[in-house]
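Novice: Sequence unavailable; structure follows:
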């Protein structure tokens, strides 16, 4: 599509971009907006905190399972139609969630309907950006769209905190319905690529991809409770190995079978869900790999930093959200300004510098964590991490879509969002498990070394914390110790050990995220060094 030259064309382009970015914002918002209000939501619908956490997990799971089939639907019926149908389903899910009287209804609305809607919307967004913006304008367009999703994750706790504190958590989902209606009104301005030739649907491929991705992601999401390889006490296992490992292996096997099946479909002249030949494209796989690492580090950071602010420092949801704003500001700035002022810069250089910024931000924050540190120490690291995310966002979407003919953009969108879901799930689970493991080891070591703690208490702590020590604030721990009738000497030792262990756990989580960013640097070589100027690879 040619770049609009008239004022009217420019206005239309901005409205199209606003519409697509709003869709991306909504899809990401549900991943973070209720994290600060889980207890309130649980009480309101008559369930437990575990039940609400299960609903959040199920939303991620449904998205991961149906993302690749959702991309194919857009190729068959038209990208705009898939986008609008997805918005209708998502809006119905948001309304159901806002009115949910109990957990089953909440699961239908939040996890199932919104998850299905997202699996249609997200791949369509990738294809619609490709269809509505000229190649030279795509880095800026993709940058803003991806940035909208990251900003949603950053401000989600703030929005959830405000709604829960002053109104009701239900207003968040009611507000989503209003936004969906606005998106549907604006979506008629979006130019649509014609649907592909209607051919038989690859139902076997759809089942294999959904099962493979779903089983793998479910295993990752349960790793905190079950353990990655060595099973935690009372956790399910087989021949001494955690069920998490077996689920991940089973998922990978099904994904391998899926790719094999798709190859057979291509050989027979059929219409595959995903053409395996795409995955031999160096530029495409390079972009997908960097997307994976970006979301792994990104979601790990969004897990660790709020924990430090809200639990270790005791900040409220509003204060925690405000402290995350520097990341949103620098992310938006990098995602929009790099393509605008440096349109011909090497994508490889931008991605490499962005990855270095992610690495630097994690290392600086890790070094700044100290017993006397306050909330101000997160500002500079978050600015660096935001710059890194924005730099990657400004290039990767254009890199992946320009690697294949435009007709395959919807399929690329499905694969791309499946990869980002995998990265996000692994990033959160990995950061959480490393943090709890380091926290537990540090706490037990400090308690063992403290002569004020009786041997009987040390033995009891070792047994009770086999599954991992909880990440507790000073207030939470003091209340638990008072309830248990702990002596002042033991309570003081436990409080001191917990404060040190919290920091050790946070540092360990940041270290694994920094290591992931370091590994990602080795894959930047697969990113092209010249900006794409054609829709054909």
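Specialist: Nice, thanks for sending it over. Note that the coordinates shown come from a computational prediction; the quantities given were computed from them, not determined experimentally.

Novice: so where's the stretch 351-500 of the chain shaky on pLDDT?
Specialist: By pLDDT under 70, the weakly predicted segments of the stretch 351-500 of the chain are 450, 452-474, 481, 484-485.

Novice: Show me where this structure has its strands.
Specialist: Assigned by DSSP state E, the strands in the chain fall at 237-238, 241-242.

Novice: distance between the first one and the chain's centre?
Specialist: Think strand 237-238. Mean-position distance between strand 237-238 and its chain equals 29 Å (C-alpha atoms, centre = their mean, to the nearest Å).

Novice: same thing with the last one?
Specialist: What separates the centre of strand 241-242 from the centre of its chain is 26 Å, taken as C-alpha atoms, centre = their mean.

Novice: How about residues contacting it?
Specialist: With contacts defined as C-beta atoms under 8 Å, 6 or more residues apart in numbering, strand 241-242 is touched by 223, 226, 227, 228, 229, 230, 231, 232, 235, 236. To be clear about C-beta, it is placed using only N, CA and C from the backbone, and glycine gets the same treatment.

Novice: Out of the strands of the chain, indicate the one that is most buried.
Specialist: With neighbours defined as mean count of other C-beta atoms under 10 Å, the strands of the chain peak in mean count at strand 241-242, which reaches a mean of 19.

Novice: Within the sheet, what are the partner strands of that one, with directions?
Specialist: Strands that pair with strand 241-242, judged by DSSP bridges, come out as strand 237-238 (antiparallel).

Novice: Tell me how far the closest residue to residue 238 other than its chain neighbours lies from residue 217.
Specialist: In space, and not counting its chain neighbours, residue 238 is closest to residue 246: 5.8 Å by C-beta to C-beta, 6 or more residues apart in numbering. Distance of residue 246 to residue 217, computed by C-beta to C-beta, to the nearest Å: 14 Å.

Novice: Show me which of these two is the more surrounded one.
Specialist: residue 217 (27 against 16; other C-beta atoms under 10 Å).

Novice: Going by neighbour count, which of the contacts of strand 241-242 comes out on top?
Specialist: Of all the contacts of strand 241-242, residue 223 has the most neighbours under the rule other C-beta under 10 Å, reaching 24 neighbours.

Novice: correct me, but that residue touches residue 433?
Specialist: Yes - look at residue 223 against residue 433 with C-beta atoms under 8 Å: they come within range, at 5.7 Å.

Novice: For stretch 87-107, what is the distance to the chain centroid?
Specialist: With C-alpha atoms, centre = their mean, you get 21 Å for stretch 87-107.

Novice: residue boundaries of the helices in the stretch 351-500 of the chain?
Specialist: Per DSSP state H, counting those that start in this stretch, the stretch 351-500 of the chain carries helices over the ranges 379-401, 409-449, 455-464, 474-484, 488-521.

Novice: Point to the residue nearest the middle of the protein.
Specialist: residue 424 (3.8 Å; C-alpha atoms, centre = their mean).

Novice: Could you measure from that one over to residue 90?
Specialist: Taken as C-beta to C-beta, the span from residue 424 to residue 90 is 18 Å.

Novice: before we move on, the earlier item: so which of the helices of the stretch 351-500 of the chain is nearest residue 315?
Specialist: helix 474-484 (12.3 Å; C-beta to C-beta).

Novice: which of the helices of the stretch 351-500 of the chain is buried the deepest?
Specialist: Highest mean neighbour count of the helices of the stretch 351-500 of the chain: helix 379-401, a mean of 27 (counted as mean count of other C-beta under 10 Å).
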